[in-house]
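> Got a sequence here, can you build the structure:
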Amino acid sequence: MPHHTLLIVEWVNAALAPVLGPIFARFGVHTSPAKPYLIPDYMVMTMLIVLALTALSLLVRSRLSVENPGKLQILMEDGLTAMSGVLNEWMPGKGARYLPLIFSIGIFILTANYAGLVPGLMAPTSNLNVTAGCALTVWVYYHYQGFRVQGVGSYLKHFAAPPGVPVWMAPIMLPIEIISHLSRVMSLSLRLFGNVFGEELVIAILFLIIPWLVPLPMMLLGIITGGLQAFIFVLLTTIYLAGAVAVEHHDHHDEHEGHDVEHDDRVDVGRGHVAAAA
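Numbering: from 1, shown residues only. The predicted structure is shown next:
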């Protein structure tokens, strides 16, 4: 696949290289024939998307209205409602506290995927560095929430003895759980990268063979797959997060099992009285 430099990348490097060049040089980062630009294309696109989304959010915030909401506000509210519904489905009553990060990373990936369909731009998610950064962010975040909600000891305990697994299997389960959690970074990053990169590669090849008309069906398909890949990333993030913060219910299952049975008996008796009274 032939590589060509985007004009926006040239402009950004021309503007920032004189300022950032001396700073990067202190850390051993220099330009070379193989790397002619100090700031690579995927970093330029990532910064542009972040700035654009920040500006859009500030614009919506400045025009918030309850009585007469604008179309952009309605669109954002619908997106937040949909995302909140997904979170509350997996974490009833607790999803709202995780909405800021999940929605932010979801809207970033969605915008990044669609950026590749705009002439003169590229999808930063077609670069493994970007998708790996998103995956690492999710991985660190859900483990942090697991430690915060469960406590360090209780959360680590589930790596050796997950709920329902005998304690004597801890030497077997511990390495399996560690490998499983580490592989999530690779799974999230490679799945998103592979799909977006493959889509851009096919569109570029078709454009080289027969320009303009032939790539259009693939670009239309890219609109669907771009949104689908963003949704899959968000859904997997939600599942991992739900597993990290909801495990606490299993910790006290054995301890309170007797109390639960007693409580259920009282509930059944109460229901019987209610039915008799009715």
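
> hey, where'd the helices end up in this protein?
Ranges of helices in the chain, per DSSP state H, are 7-26, 41-62, 71-90, 99-115, 128-150, 152-160, 170-209, 215-246, 248-251, 257-277.

> shaky segments in the protein?
Applying pLDDT under 70 to the chain picks out residues 1-4, 33-34, 211-215, 247-278.

> let's go with 50 and repeat that
1-2, 248-278 (pLDDT under 50).

> thinking again about what came up before, any idea which of the helices of the chain gets closest to Met122?
helix 41-62 (5.7 Å; C-beta to C-beta). For every residue, glycine as well, the C-beta is placed using N, CA and C.

> How about that closest one, which residues are buried there?
41-46, 48-49, 60 (16 or more other C-beta atoms under 10 Å).

> for those residues, which one is nearest Ile209?
Asp41 (23.7 Å).

> mind listing what the residue nearest to the closest one when sequence neighbours are not counted touches?
Closest residue in space to Asp41, ignoring its immediate chain neighbours: Val9 at 4.7 Å, by C-beta to C-beta, 6 or more residues apart in numbering. Contacts for Val9 were tallied using C-beta atoms under 8 Å, 6 or more residues apart in numbering; they are 37, 39-41, 44.

> Just to check, Pro162 is in contact with Met173?
Yes: the pair Pro162 / Met173 is scored as a contact, 6.3 Å apart, by C-beta atoms under 8 Å.

> Which one's more surrounded, these two?
Met173 (19 against 16; other C-beta atoms under 10 Å).

> Distance check, that one against His143.
Distance from Met173 to His143, counting by C-beta to C-beta, to the nearest Å: 17 Å.

> Nice, that's everything, thank you.
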